[in-house]
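> Coordinates for the following, if possible.
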Amino acid sequence: MSKSSTTTDPDWLHNAHAGELLVSEFMEPLGLDCTALAEAIGAAPARLQAVIDGAARVDGELDLRLARYFRMSEGFFLRLQDQYEIREAKRAIEGDLDRIVPRAA
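From the prediction side, this is the model:
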């Protein structure tokens, strides 16, 4: 039984922003809203809301605050953000990438 590449290609599945994952995997299960989390980590609620909305990226400072609060490794939320951005860039320039010939060693 073959699977359609449209639904099985991981590059074309939903690409969740770090803020979306923050909400679904951390905030919702713990019953945290943006204001409560922002207060707990010492961040501006508007800044955190922008990340949640996908309008801003997780930066190093926010990563450290979130990682400490949720007992995750430093860089965890930055890696989520980077994976999102790389996948979005790959989707945007896929044709250009295919035309680049890798340099021989």
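> For the helix ranked longest in the chain, buried residues please.
If you go by DSSP state H, the chain has its longest helix at helix 76-98. Residues of helix 76-98 classed as buried under the neighbour-count rule (16 or more other CB atoms under 10 Å) are Phe76, Phe77, Leu78, Leu80, Gln81, Tyr84, Arg87. The way it works is simple: take the backbone N, C-alpha and C, and place the C-beta from them, glycine included.
> Can you pick out the most distant pair from the residues you listed?
Phe76 and Arg87 (17.2 Å; CB to CB).
> OK, contacts around the residue lying closest to Glu85 once chain neighbours are set aside?
Distances taken as CB to CB, 6 or more residues apart in numbering put Arg57 closest to Glu85, at 7.3 Å, once the chain neighbours are dropped. Neighbouring residues of Arg57 by CB atoms under 8 Å, 6 or more residues apart in numbering: Ala18, Val51, Gln81, Glu85.
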